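> Below are the sequence and a predicted model; questions follow.
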Amino acid sequence: MGKNILIVVDMQNDFLTGALANSAGVEAIPAVIKEIKNDKYDVVIATKDTHYDESNADFVNEDAFYFNTLEGKNLPVKHCVKFSEGWEIEQSVLAALRTAKEFHTIEKNTFGWDGWKDYLKKWDVEEVTLVGVVSSICVAANAIVLRHLFPNLTINVVKAATAGLSNEDHEAAMTVLKCQQINVIE
């Protein structure tokens with residue numbers, strides 16, 4: 001029997017109370033924790049949006065610094081810099097993640113992660129569910145990447161355990177996901 005995977009997208013301090021604070025994201029924390037604690041998930045994977053600046057110059061070159069990337073030029077708010085407080089997963093979410101049957105973290109430097117196909121080969125995946133922030137950006141991007149890589153996989157997004165930049169943004173993201181044959185769980 002295949003594994004049921006939960007992907008917790010970018011529940012990091014900078015997206016909740018830090019540089020890109022979002023009260024809707026904070027309000028979604030209890031629903032995210034509820035999903036993490038649901039026994040139906042065999043594996044829980046948390047993504048961490050990961051950017052770099054001068055403080056990381058010992059292991060990345062200047063081209064990787066946030067403000068030198070396309071994202072940094074279009075969203076000039078430094079956030080989720082590796083090893084900063086804003087890069088860390090929110091404490092109550094992290095505490096819940098540590099109770100999962102099996103828990104992993106991946107770092108991604110852009111909205112959707114291109115490593116899902118190889119990474120998920122570790123398990124016989126039957127179903128993937130996503131929760132987290134921001135619904136119209138990283139949650140949607142990862143769900144759509146997964147749909148592209150696994151065209152016959154059951155993919156779900158838990159609406160109450162995700163948050164957009166606004167209610168309109170969130171609803172638009174849910175509509176796009178449904179159009180991609182991704183189940184939006186109300």
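Structure's in. What do you need? Numbers count the residues shown, from 1 in each chain.
> pLDDT weak spots in the chain?
Counting by pLDDT under 70, not a single residue of the chain qualifies.
> can you do 80?
Low-confidence regions of the chain, defined here as pLDDT under 80, cover residues 1.
> so where do the helices sit in it?
Along the chain, the stretches classed as helices by DSSP state H are 13-16, 23-36, 70-74, 91-97, 116-119, 140-149, 167-179.
> how about the fourth one: buried residues?
Going by neighbour count (16 or more other CB atoms under 10 Å), the buried part of helix 91-97 is 93-94, 96-97. (Glycine included, C-beta is placed from N, CA and C.)
> Out of those residues, which is nearest to Met1?
Leu97 (23.6 Å; CB to CB).
> Pull the contacting residues for the closest residue in space to the closest one that isn't next to it in sequence.
In space, Leu97 comes closest to Phe103 once its chain neighbours are excluded; the distance is 5.1 Å by CB to CB, 6 or more residues apart in numbering. With contact set as CB atoms under 8 Å, 6 or more residues apart in numbering, Phe103 has these partners: 43-46, 97.
> Over to His104?
43-46.
> Stretch 135-150: which residues count as buried?
By neighbour count on 16+ other CB under 10 Å, the buried set for stretch 135-150 is 135-147.
> my guess is Asp53 meets Glu62, correct?
No - counting by CB atoms under 8 Å, Asp53 stays clear of Glu62, with 9.9 Å between them.
> Compare the two and say which one has the larger neighbour count.
Just comparing Asp53 and Glu62: by other CB atoms under 10 Å the higher neighbour count belongs to Asp53, 18 against 10.
> what's the spacing between the more buried one and Ala21?
From Asp53 over to Ala21 the distance is 19 Å, taken as CB to CB, to the nearest Å.
> Over to His51?
Applying CB to CB, one obtains 17 Å for the distance of His51 from Ala21.
> Name the residue in those two with the higher neighbour count.
With other CB under 10 Å as the criterion, His51 and Ala21 differ in neighbour count, and His51 comes out ahead with 25 against 14.
> Which residue lies closest in space to the more buried one, excluding its sequence neighbours?
Here the nearest residue to His51 in space, its sequence neighbours aside, is Tyr66; by CB to CB, 6+ apart that works out to 4.2 Å.
> OK, contacts around the one you found?
Taking CB under 8 Å, 6+ apart as the definition of contact, the neighbours of Tyr66 are 51-53, 72, 78-79, 81.
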